[in-house]
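>>> No sequence on hand, only this structure:
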Ligand SMILES: [Zn+2]
Ligand SMILES: [Zn+2]
């Protein structure tokens, strides 16, 4: 096995993924309570003690809610850029072992190459990530995962970054009509969600995928669905052009309740 990748949960209410290589076990975002993350890890045969590090995209609670609890027993290594770490640090009683990276750079953690890139979202310094592992030979094939959620639109930089990965996790946050008709959210919040620093609609995510020429994807996971302003039917309808043979990749939709597919490459 080169890598194992599983989304433990993903929606507007919480996001957390597990990435395992021969050399490390890490979480990408930790947007559930530590207790809940513990339960999710148990379901895949792990405990929080197995986690070597967490990589944070930004400080919103649906990405960071578990950090305080995960650091109760030990100061866990938490990778974040300066902006995210500074905002989050003030709210934490249990302090992580911060590992600060600079947005746009590449760094390594236990054989995992990590690249961060800026995304447009209403947080202090939000990023997407690409994780790469392996030397590119038979024994150690090179594999990569892109984690791209929470972006109001997709700049050219994002399009370039996601093209050559094996696994793409992409936000398909809302259906514009369901968002418009939602009764819980005030107008200003709806404007924020659909704005340039909000979230990708199903159609925007689909158009982004369609605009990438000859992608290397083997698997695309649609994630960060809004519980109230999206539905599995709306996602299926929007992404129908990518169903069926001939696209070269499998498409999964991560339901707001439940795990994503367990992918080993
Ligand atoms: Zn966010
Ligand atoms: Zn989010």
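That came in fine, so what should we check first? Only a predicted model underlies this, so the values are computations on that prediction, with no experimental measurement involved. Numbering: from 1, shown residues only. Ligands and ions are numbered 1, 2, ... in the order given.
>>> Quick one: residues in contact with the helix or strand harbouring residue 177.
Here residue 177 sits within helix 176-181, counting by DSSP states H and E. By CB atoms under 8 Å, 6 or more residues apart in numbering, the residues outside helix 176-181 that reach it are 185, 190, 193-194, 201, 203, 226, 228-231, 234. Where C-beta positions appear, they are placed from N, C-alpha and C, glycine not excepted.
>>> Buried ones in the helix or strand that it is followed by, by neighbour count?
Sequence-wise, the next helix or strand downstream of helix 176-181 (DSSP H and E) is helix 187-194. Across helix 187-194, burial judged by 16 or more other CB atoms under 10 Å covers 190, 193-194.
>>> before we move on, what about stretch 252-265?
252-256, 259-260, 263, 265.
>>> can you redo these as a markdown table with secondary structure and pLDDT?
Converted to a markdown table, the buried residues of stretch 252-265 look like this (DSSP: H, G, I helix; E, B strand; the rest coil; pLDDT from 0 to 100):
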| residue | secondary structure | pLDDT |
| --- | --- | --- |
| 252 | strand | 97 |
| 253 | strand | 97 |
| 254 | coil | 98 |
| 255 | coil | 97 |
| 256 | coil | 95 |
| 259 | coil | 96 |
| 260 | coil | 95 |
| 263 | strand | 96 |
| 265 | coil | 90 |
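>>> which of those are close to ligand 2?
Among the buried residues of stretch 252-265, none lies close to ligand 2 by the criterion of CB under 5 Å from the ion.
>>> which two in these are spaced the farthest apart?
Across those, the longest distance by CB to CB is 25.4 Å; it joins 256 and 265.
>>> what's the spacing between the most far-flung residue of the chain relative to its centre and ligand 2?
Ranked by distance from the centre of the chain (CA atoms, centre = their mean), the top residue is residue 138, with 28.3 Å. Distance of residue 138 to ligand 2, computed by CB to the ion, to the nearest Å: 38 Å.
>>> tell me the SS of that residue?
What DSSP: H, G, I helix; E, B strand; the rest coil gives for residue 138 is coil.
>>> Residues of the stretch 51-200 of the chain that sit close to ligand 2?
62, 150.
>>> Can you show me the helices along the stretch 51-200 of the chain?
Secondary structure of the stretch 51-200 of the chain by DSSP state H, counting those that start in this stretch: the helices cover 61-64, 67-70, 82-89, 156-162, 176-181, 187-194.
>>> who does the helix or strand following the last one touch, helix- and strand-wise?
Using DSSP H and E, the next helix or strand after helix 187-194 towards the C-terminus is helix 202-211. Taking 3 or more CB pairs under 8 Å, 6 or more residues apart in numbering; DSSP states H and E as the contact definition, the neighbouring helices and strands of helix 202-211 are helix 156-162, strand 167-171, helix 232-238.
>>> Report all helices and strands that the very next helix or strand once past helix 202-211 contacts.
Next in sequence after helix 202-211, counting helices and strands by DSSP H and E, comes strand 219-223. Packing partners of strand 219-223 (3+ CB pairs under 8 Å, 6+ apart): strand 3-11, strand 167-171, strand 250-253.
>>> what's the closest of these to ligand 1?
With CB to the ion as the criterion, ligand 1 lies closest to strand 167-171 of these, at 9.6 Å.
>>> Tell me which strands that closest one pairs with, and in which orientation.
strand 143-148 (parallel), strand 219-223 (parallel) (DSSP bridges).
>>> Quickly check: the longest one near ligand 1 or not.
It refers to strand 143-148. No: judged by CB under 5 Å from the ion, strand 143-148 and ligand 1 are separated, with a smallest distance of 12.2 Å.
>>> what pLDDT, on average, does that strand get?
For strand 143-148, the mean per-residue pLDDT is 98.
>>> Give me the residues contacting it.
Contacts of strand 143-148 (CB under 8 Å, 6+ apart): 2-3, 5, 17, 19, 28-29, 57, 119, 128-134, 158, 161-162, 164-171, 265.
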